[in-house]
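J.: sequence and predicted structure are below.
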Amino acid sequence: MEYKRPSSLKPTPSGFCPGCMHSLATKLIADVIEELGQQENCVHVAPVGCATLNLAYWKGDIIGAAHGRAPAVATGFKRTNPDRLVFAYQGDGDCAAIGLAEIMGAANRGENFTVIFFNNQTYGMTGGQMAPTTLIGQKTTTTRYGRDPLTTGYPLKMCELLATLEAPAFISRYALNTPKGCMEARKAIKKGFTLQMENKGFSFIELLGNCPTNWGLTPLQTMEYMDTNTIPYFVPGVYKDKYAEVK
Amino acid sequence: MAKQLVKGNEAIAEAAVRAGCRFFAGYPITPQNEIPEYLSWRLPEVGGVFVQGESEVASVNMVYGAAASGCRAMTSSSGPGISLKSEGISYLAGTQLPAVIVNISRGGPGLGSIQPAQQDYLQATKAMGHGGFHVMVFAPATLQEAVDLTYDAWEYAERDRNPVLILMDGCLGSIMEQVEFPPMKEPDRKGTHAWDLNLKEGEKRNGRLLTPYFPEALLEIKNKSHKMMIEKWQRNDVKVEEFMVDDAEYVVVAYGISARVAKEAILRLREEGENVGMIRPITLSPFPKQSFRNLNYDQVKGIIDVELAIPAQMHDDIALEVLGRAPIYEYCRSGGLLFDDEGIYAAVKKIIDGGAK
Amino acid sequence: MKKSLVISGSGGQGVMSAGIMIAQTAVDADKYATFLPEYGPEQRGGSAKCTVVVNDSEIISPLMAKCDTLIVMNEQAYAKFGKTLKSGGVMIANTSRITSEITRDDVTVVRVPADDLAVELGNIKCANIILIGALIGAEAGIITEEAMLASLDKKFASKKAEVLALNHAALAKGVAYGKEAIHK
């Protein structure tokens, strides 16, 4: 097997911080788009936050959305252009805080597009503030002594939340700190896109990632941190699957 | 086509369909509910899409997405909901996507009242969102005008790649009167617009980026071209009705429903020999500056701003053109209380008789 | 000639539907008409008022301080709008719901126990049509009986024959009251 740049990515060096798993997630998505032959047909709805940085490498058509509104923008686009492969790539704040209404609304309507949610438990672009997904006790620039559930509540579990809804077709979570997790994530992204192309409805794939810069750890340390802290709380797995037969 | 008796909100909705609008997203709010209600069944009839959004914010962003696919799209609301949409309207302007926004306005601020008012003039004409952009604002006074302006709104929105706002008070939204609808326009969905991400038939092109974010130098260039666009509006796109102003000593300035009631009062004052006229802005943005520059200030003794807004909101735009050459009076009501012919008659009469300051 | 009509009562009494029927009838007779509804936030039972203006040429203002004709369907409506009727105008009062004495002597007053008459005819819902009939009978000059009948038949075309017959009977009943009032 040849390890190469997917044809759906521009030959531009990554602008993400060294060791950031956003690059990995971007590459996984690009790889699936290439495999499905959707380079010319895909439309990426870009959010606000670090998750938007990959639009510099993307060859596909891109619509920049306001913070949190990517699922609403994707709704408007996909409904009026149902033949395009549409996906939104959202970060913690975008998906689980400011855009909660939009993700819930789109999922509940069973919109026929795919949301890929990159959960790295922090607000990277603005400098490492608390995210809705920040773990209890985790230090951020707005939780200097660690996240205290008494005043800030608990980390929001998006897959579990969305899995209570009737409409979504496929909801699952993967951790990107092992090759196995990456391969499973890739399969899930492919499944989400395939379901969309077969008009089977809304798919949501959560990718657990890191933020070496704002966690204050080396990339290697972030991978250990994920094993001991992130994964026990955000348990990877399939939370809803209406089409188990689709691979 | 024969004239039909229709309700204001439904007149706008049907005019939108005939203009080729094929996507609507909105959230219920009084007094504009007939717009989403009508389009919820009407759009599917013509192959369009209606979505009842989870919020005003989501709805306007759905319109943003639909506009990006080259579809004529619209959302509607009233004051409180328009505030929520202002984020999305700013993004439409920033990304340069055409769309039509309808504000059937009610009392404010806050939840205000559900009754008709004209309390959103400043929001509409000066700051429809953050970031210092302008939108064209159409203010119809009759339902026929509402139909015609809605029908044309996308022509302007697409020409300028900028949203257009239709600002109509709740009174005209709920009123019924005769209108004649224009013929059906077929929407252009062939991917021929510069902004749309539609693929032309057989086309294999992508890598197109629609973004509301720009590097510094490019953003300044964009801001400058926006400024030039606004200046062009002032030269080419002003719509105004000047009613009996040639010999007028007193000039009423009013728009929307206020202008209709004022006209009735003016006719009565004319019968009594008073030289009263009216300037009725149809486009609030661009404001009809030239109409005020053309007035003969040796003859004009007073300008009377008649609005359903307290404090008066159009006053400053008038003052910037009158430049102290005539006193500006105000006769305003708000809160959902409306004008009637006798009220405006008495107020103008009092000003003429020197009883008002 | 421009004529304005105010109809007021409480939500559920058919205030708005009466106003729309009159406006539609005028339009069908090649006149210009405006219909302006006003009501509170309640879906049912709140106060309801509408203004209908009918004219031979385009209507400038659909709002005016005083009206030429007035239909008041309950006590509150009479108390609130009784004064807004122009001198020499026509007032149709639903005396089933108005107990206080109508004191204005500068207007034509048609007293119609519309609710009671409607119940007698078999359906309380046709009270508003009885009141429209009274308006026609009192020669308020807004619409004609023939035009109103035609427009009722058109509006209720999909309904059973009994409904159409009921409407006709209700309108005739009202017209008789209106005629009697002006020929007294």
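T.: All right, it came through fine. Numbers count the residues shown, from 1 in each chain, chains lettered A, B, ... in the order given.
J.: please make it C-alpha for all contacts and neighbour counts, starting now.
T.: Noted.
J.: so how far is stretch A:200-218 from its chain's centroid?
T.: 6 Å (Cα atoms, centre = their mean, to the nearest Å).
J.: in it, what counts as buried?
T.: A:200-215 (16 or more other Cα atoms under 10 Å in any protein chain shown).
J.: which secondary structure state does the residue nearest the centre of chain C sit in?
T.: Centroid-nearest residue in chain C, with Cα atoms, centre = their mean: C:Ile132, separated by 4.1 Å. For C:Ile132, the secondary structure call by DSSP: H, G, I helix; E, B strand; the rest coil comes out as helix.
J.: any idea of the mean pLDDT in the longest helix along chain A?
T.: Criterion DSSP state H: the longest helix present in chain A is helix A:179-197. Averaged over helix A:179-197, pLDDT sits at 98.
J.: can you verify my assumption that C:Ala114 contacts C:Gly133?
T.: No: C:Ala114 lies out of contact with C:Gly133 (Cα atoms under 8 Å); the separation is 10.3 Å.
J.: helices of chain A, residue ranges please.
T.: A:21-35, A:70-80, A:92-96, A:100-109, A:149-152, A:158-162, A:179-197, A:212-215, A:219-225, A:231-233.
J.: CSV please, covering those helices and showing distance to B:Gln178.
T.: Output for the helices of chain A, formatted as CSV (distance: least, Cα to Cα, whole Å):
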stretch, distance to B:Gln178
helix A:21-35, 54
helix A:70-80, 33
helix A:92-96, 47
helix A:100-109, 38
helix A:149-152, 57
helix A:158-162, 49
helix A:179-197, 46
helix A:212-215, 64
helix A:219-225, 69
helix A:231-233, 64
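J.: name whatever forms a beta bridge with the nearest residue to B:Cys171 once chain neighbours are set aside.
T.: In this structure, B:Cys171 finds its nearest non-sequential neighbour in B:Pro116, 5.3 Å apart by Cα to Cα, 6 or more residues apart in numbering or on different chains. Beta-bridge pairing for B:Pro116 (DSSP bridges): B:Arg106.
J.: next step: the buried residues of stretch A:200-218 restricted to strands.
T.: A:Ser203, A:Phe204, A:Ile205, A:Glu206, A:Leu207, A:Leu208 (DSSP state E).
J.: could you pull out the buried residues of stretch C:86-101?
T.: Neighbour-count burial for stretch C:86-101 [16+ other Cα under 10 Å]: C:Lys86, C:Ser87, C:Gly89, C:Val90, C:Met91, C:Ile92, C:Ala93, C:Asn94, C:Thr95, C:Ser96, C:Arg97, C:Ile98.
J.: between those residues, which is nearest chain B?
T.: For those, the closest approach to chain B (Cα to the nearest Cα) belongs to C:Lys86, at 12.7 Å.
J.: if I pick that closest one, what's in contact with it?
T.: C:Lys66, C:Cys67, C:Asp68, C:Thr69, C:Val107 (Cα atoms under 8 Å, 6 or more residues apart in numbering or on different chains).
J.: backbone phi and psi for the fourth one, please?
T.: For C:Thr69, the backbone dihedrals (degrees, to the nearest 10) come out as phi -140, psi 150.
J.: same check, this time on the third one
T.: Torsion angles at C:Asp68 (phi, psi; degrees, to the nearest 10) stand at phi -80, psi -30.
J.: that one and C:Ser4 touch, don't they?
T.: Yes: here C:Asp68 reaches C:Ser4: they are 5.2 Å apart, a contact under Cα under 8 Å.
J.: could you pull out the strands in chain C for me?
T.: Using DSSP E, strands in chain C cover C:3-10, C:32-39, C:47-55, C:67-72, C:85-94, C:108-112.
J.: make TSV out of those strands and add mean pLDDT.
T.: Listed next are the strands of chain C as TSV, based on pLDDT from 0 to 100:
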stretch	mean pLDDT
strand C:3-10	96
strand C:32-39	93
strand C:47-55	95
strand C:67-72	97
strand C:85-94	97
strand C:108-112	96
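J.: most tightly surrounded among these?
T.: Mean neighbour count, computed with mean count of other Cα atoms under 10 Å in any protein chain shown, is highest for strand C:67-72 among those, reaching a mean of 26.
J.: quick one: residues in contact with that one.
T.: C:3-9, C:78, C:81-82, C:84-86, C:88-94, C:131, C:140.
J.: please list all residues in contact with B:Pro80.
T.: Counting by Cα under 8 Å, 6+ apart, the residues that B:Pro80 touches are B:Gly110, B:Leu111.
J.: for it, what is the enclosing helix or strand?
T.: For B:Pro80, the host element (DSSP states H and E) is helix B:79-95.
J.: then that helix to PDB, C-alphas only?
T.: Output in PDB follows, covering the C-alpha atoms of helix B:79-95 (Å, rounded to 0.1, in the frame of the first residue of the first chain):
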ATOM      1  CA  GLY B  79     -38.200  42.900  14.500                       C
ATOM      2  CA  PRO B  80     -37.100  40.400  17.200                       C
ATOM      3  CA  GLY B  81     -36.400  37.800  14.700                       C
ATOM      4  CA  ILE B  82     -34.700  40.200  12.300                       C
ATOM      5  CA  SER B  83     -32.200  41.000  15.100                       C
ATOM      6  CA  LEU B  84     -31.400  37.200  15.300                       C
ATOM      7  CA  LYS B  85     -31.000  37.100  11.500                       C
ATOM      8  CA  SER B  86     -28.700  40.000  11.500                       C
ATOM      9  CA  GLU B  87     -25.700  37.700  11.900                       C
ATOM     10  CA  GLY B  88     -26.700  35.700   8.800                       C
ATOM     11  CA  ILE B  89     -27.500  38.900   6.800                       C
ATOM     12  CA  SER B  90     -24.000  40.200   7.600                       C
ATOM     13  CA  TYR B  91     -22.600  36.900   6.300                       C
ATOM     14  CA  LEU B  92     -24.600  37.100   3.200                       C
ATOM     15  CA  ALA B  93     -23.200  40.600   2.600                       C
ATOM     16  CA  GLY B  94     -19.700  39.400   3.500                       C
ATOM     17  CA  THR B  95     -19.800  36.400   1.200                       C
END
